[in-house]
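> Predicted model and sequence below, questions to follow.
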Amino acid sequence: MGKTLVIQPVSRIEGHAKVTIQLNDAGDVDDARVNVIELRGFEKFCVGKPVEEMPRITTRICGVCPWSHHLASAKANDAVFGVEPAPAGVKLRRLCNSIAYMEEHILHFYILGGPDFVMGPSTEYPTRNVIGIVGAVPEVARQVVKVRHMCAKMLETIAGKSIHPDAAVPGGFSKPLQKEERDALLPMAQECLELAKFSIKFAKENIFPKYLDAVKTIGTITSGFLGTVAADGALDLYEGKLRMMYSDGSYEDFATPDYADFIGEHVEDWTYLKFPYAKKRGPFMLEDNAPSLYRVNTLARINVADYIPTPLAQKELEEFRANFGRPAQLTLLYHWARLIELLYNAEMAVQLLNDPEITSRETRVKVTPRAARGVGVVEAPRGTLIHDYTTDENGLLTHVNLIVATCQNNSAINLSVRQAAKTLIKGGQYDQGTLNMVEMAIRAYDPCLSCATHKLDGSIPIKLDIVGPDGKLLDTLTNS
Amino acid sequence: MTVNGNKPKFAMYWAASCGGCEIAVLNIHEKILDVDANFDVVFWPVAMDAKYKDVEAMEDGSILLTLFNGGIRNDENEHIAKLLRRKSKILVAFGSCANEGCIPGLANLSDSREIVSTAFNTISTDNPKQIYPMISYDVPEGEIHIPKILPVLKTLDQVVDVDYYMPGCPPESHQIAAVIDLVVQVLQGKAELPPKGTVIGAGNSTVCDECKRARNIKMVKSFKRIWGVEVDPELCLLEQGIPCNGIATRSGCNARCPTAGAQCIGCYGPAEGVIDYGARLISAFASVIDSNDPEEIDRILDGIVDPTGQFYRFNLAGSLLKAGKPAWEKA
């Protein structure tokens, strides 16, 4: 009879997820599982709601990426109503999306992922945190706070609210952007672009080289990748077709309403989170390199895109690809890909604000309800987000299906944790270092298990209870 | 975060929530340094290492201020709410979920088994054997537990005694900053705490009072859905027939949604003195209907296609309807 190790709580969502590791008689790892323990029931209680209210109901799924749910929902509305939204409305939605992305990617890189980079993954917890960054590069820290604040202000100017917005409506955007507002926003966007340019240069010169050497073994798995590309294969975070790229680099493109032909969701009884898998490639298997295994989020998007339509980010993509190939598999490259996306979004924000159409008065087209199905897909910062609505003739919902971004990394997170646990725990030997490394494997995916936000000090709280076969607590380790 | 045993202790916790309250707190930007300067942050999952065991080890009443956000959706949320109540001198229900249930409270119209069954039988879910998450499951080495979903989502004060209420979905960052200023002044002896039960970090009137749209005499011949109206950018939305909830909703947000051309949906909760949010709103809407003909009034009311979502979108769990408790439980 072996032992069960329980890591709880794990991730930033205190008590919403935990890890269980099963040891066999020899003290080696039999299995490891991430249990997600939250369910709020949106797919049930949204039935009967007017479909046009969904963009301001589904935001409450996630206060970290409310813009992603808001826009996926607005796009599903466009499809339900059967309209092409007003071009200026689309541009305002894209602008808000890019600003929200910048806010999130900056937060993740500097406050969550950053401490690992700056301090190194094997340093002790007391120094591996945002305070460490403030000490190491204070002027950068000041600029980060300033730019994040500016992003929130920009969203408020364009859309009223930055958290839980309500400006995207079926057929477009609720309010036009005034010319004087645009003039005030443009220098802010340019300052964001400067920080983005600085960030990737800083990371490439000072951080990535030593960091990548140190962590090449952590949480490594081989998988396929899912992301959105434009009709010509360009990176697009707002609109396009879905591309499922397999681990050999081959891929299939499909229209968003056909997602259920390509993605299945498997159910296990030990977690509230389902396991999406690429069902055309075989049955669900929670195994490394399983044909049906795929990942989403920054690295996936950078892998599936043929090119990036902004010049600076394209140059970075070329360099990234020359170094790591396509598809790049190393889990910790998610961080590098995130910075390329930061640059892309900053370039996009400046470009959109310079577009004369952004201040057009025509931001909405008229819609009328009908019985229809509409699928809205955007790339949320953490991966492909799918909203699928069916309505009756009054535009009231009869069916709702949601596939959220982090859910699609459920298998990958579990496998990375299992890989880390199996590599690190042998013959029943484990210590604080074990916890750090398991934590690294999870953090690489920036999981948003129930809409988590980011910790300031860079550590995910982990408590490891070692429980004997009789349920008796044998030992407790913590990472503080 | 500094650790200095002499400063008052601060905690913040999320139960069943979306994370927006935490982002709203992070969005006070440099003001967060005031929290650090004046408090020992002893428990705050978003900002520092957080362990239940550490909280359990603290003396009862040893945390001066706890901001609690999120609703009570499972037995673990309830356990932590009771734990933090015991350990905290001042417990604040922070944000709409903890105050009144918010949008996740709409799930209280469904049986929790239906909720699980819906989520695990969608069109993309592959579940021929009808597998559902188990509260506990056996592995060769023992039993693994995940928390149990409660029959309904409860507000914080339906589970424990609450000292202050801070509404909003999420609370506005400028309001959070103002509350932090107040608490710092109290600590410095320059101000006094308001009476227990006070709503803090919000205004005392309605969203209408903060709204810059022009108001004339509100009388409507029909209620319209937002897609059916060419919205006048200057005129009161309710006068345009758009069912805007500002009239019953507490001020404090600077009327952000009406300013952005979208109707207020009530995220700041009931205005001062309002006992039941939905009842107040129903009465307010009734008073603007421009008709005395019962049949016409019926037709006008048909324009409100989702009464629950209109009148109780944020307030269902906390309303007088007692949707925060299962029907079979005694009042």
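Looks like it arrived, so ask away.

> so where's the chain shaky on pLDDT?
This is for chain A. Low-confidence segments of chain A, defined by pLDDT under 70: A:1-21, A:27-40, A:111-136, A:210-219, A:430-441, A:443-444, A:446-480.

> Can you look at chain B instead?
B:1-5, B:45-51, B:133-146, B:322-331.

> Distance-wise, check the residue of the stretch 1-150 of chain A found nearest chain B relative to B:Gly95.
Sorted by distance to chain B under C-beta to the nearest C-beta, the residues of the stretch 1-150 of chain A start with A:Gly63, at 2.1 Å. (Glycine included, C-beta is placed from N, CA and C.) Taking C-beta to C-beta, to the nearest Å as the measure, A:Gly63 falls 9 Å from B:Gly95.

> Spell out which residues are contacts of both of these two.
B:Ser17, B:Gly20, B:Cys21, B:Ala24, B:Pro170 (C-beta atoms under 8 Å, 6 or more residues apart in numbering or on different chains).

> Can you tell me which of those residues is nearest B:Ser283?
B:Pro170 (28.1 Å; C-beta to C-beta).

> Got phi/psi on that closest one?
Dihedral angles of B:Pro170 (phi, psi; degrees, to the nearest 10) stand at phi -90, psi 170.

> Now do the contacts for whichever residue of the stretch 151-300 of chain B sits closest to chain A.
Minimum separation of the stretch 151-300 of chain B from chain A (C-beta to the nearest C-beta) falls at B:Ala260, amounting to 2.8 Å. Residues near B:Ala260 by C-beta under 8 Å, 6+ apart: A:Ala159, A:Gly160, A:Lys161, A:Pro165, A:Asp166, A:Ala167, A:Ser174, A:Lys175.

> Checking the third one next. Helix, strand or coil?
Of the three states, A:Lys161 takes coil under DSSP: H, G, I helix; E, B strand; the rest coil.

> I'd like to know how many residues surround it.
For A:Lys161, the neighbour count with other C-beta atoms under 10 Å in any protein chain shown is 25.

> distance of it from chain B?
A:Lys161 sits at a distance of 5 Å from chain B (criterion: C-beta to the nearest C-beta, to the nearest Å).

> which non-adjacent residue is nearest the residue of the stretch 1-150 of chain B found nearest chain A?
Closest to chain A within the stretch 1-150 of chain B is B:Gly20: 2.1 Å, counting by C-beta to the nearest C-beta. Excluding the flanking residues, the one nearest B:Gly20 by C-beta to C-beta, 6 or more residues apart in numbering or on different chains is A:Gly63, at 2.1 Å.

> any chance you could map the helices in the chain?
You didn't pick a chain, so chain A it is. For chain A, the helices defined by DSSP state H occupy A:42-45, A:66-81, A:87-107, A:114-119, A:130-136, A:138-159, A:179-202, A:208-215, A:259-262, A:298-304, A:311-324, A:333-353, A:410-424, A:432-443.

> Not quite, go with chain B.
Ranges of helices in chain B, per DSSP H, are B:20-26, B:32-38, B:52-57, B:75-87, B:96-100, B:112-119, B:173-187, B:207-210, B:256-259, B:277-288, B:294-301, B:307-311.

> Residues contacting the fifth one, please?
It refers to helix B:96-100. Residues from elsewhere that reach helix B:96-100 (C-beta under 8 Å, 6+ apart): B:15-17, B:21, B:68-71, B:93, B:102, B:104-105, B:155-156, B:165-170, B:267-270, B:277, B:314-319.

> Buried ones among those residues?
Neighbour counting by 16 or more other C-beta atoms under 10 Å in any protein chain shown classes B:15-17, B:21, B:68-71, B:93, B:102, B:104-105, B:155-156, B:165-170, B:267-270, B:277, B:314-319 among these as buried.

> can you list the domains in chain B?
If you go by automatic domain parsing, the domain ranges for chain B are B:9-104+B:151-187, B:114-150, B:207-327.

> got the end-to-end distance for the longest one?
Domain B:9-104+B:151-187 has an end-to-end distance of 12 Å (C-alpha to C-alpha, to the nearest Å).

> cool, and the shortest one?
With C-alpha to C-alpha as the measure, the first residue of domain B:114-150 is 13 Å from its last.

> Buried ones in stretch B:180-189, by neighbour count?
Within stretch B:180-189, the residues scored as buried using 16+ other C-beta under 10 Å are B:Ile180, B:Leu182, B:Val183, B:Val184, B:Val186.

> repeat for stretch A:341-360
Neighbour-count burial for stretch A:341-360 flags A:341-353, A:355, A:358-360 (criterion: 16+ other C-beta under 10 Å).

> From the structure, what's the count of residues near A:Gly172?
27.

> Tell me who's in contact with it.
Neighbouring residues of A:Gly172 by C-beta under 8 Å, 6+ apart: A:Pro85, A:Ala86, A:Ala88, A:Gly89, A:Val90, A:Leu92, A:Thr363, A:Arg364, A:Val365.

> If you drop the residues flanking it in sequence, what lies closest to it?
Leaving aside its chain neighbours, A:Gly172 sits nearest to A:Gly89 (2.6 Å; criterion: C-beta to C-beta, 6+ apart).

> For the one you found, give me its contacts.
Counting by C-beta under 8 Å, 6+ apart, A:Gly89 has contacts A:Ala168, A:Gly171, A:Gly172, A:Phe173, A:Thr363, A:Arg364, A:Val365.

> and it, how far is that from A:Thr363?
According to C-beta to C-beta, A:Gly89 stands 4 Å off from A:Thr363.

> any residues in contact with both of the two?
A:Gly172, A:Phe173.

> so B:Leu301 makes contact with B:Phe223?
Yes: under the criterion of C-beta atoms under 8 Å, B:Leu301 makes contact with B:Phe223 at 7.4 Å.

> These two - which one has more neighbours?
Between B:Leu301 and B:Phe223, counted using other C-beta under 10 Å, the more crowded position is B:Phe223 (20 against 15).

> With adjacent residues omitted, what lies nearest to the more buried one?
Nearest non-adjacent residue to B:Phe223 (C-beta to C-beta, 6+ apart): B:Gly303, at 3.1 Å.

> so who does the one you found touch?
B:Ser222, B:Phe223, B:Lys224, B:Arg225, B:Gly241, B:Pro243.

> residues in contact with A:Gln351?
A:Thr310.

> which one of the contacts of B:Ala260 sits closest to chain B?
Set against chain B, the nearest of those by C-beta to the nearest C-beta is A:Gly160 (2.8 Å).

> and the gap between the most centrally placed residue in chain A and chain B?
Nearest residue to the geometric centre of chain A (C-alpha atoms, centre = their mean): A:Arg382, 0.7 Å. Remark: distance between A:Arg382 and chain B (C-beta to the nearest C-beta) = 12 Å.
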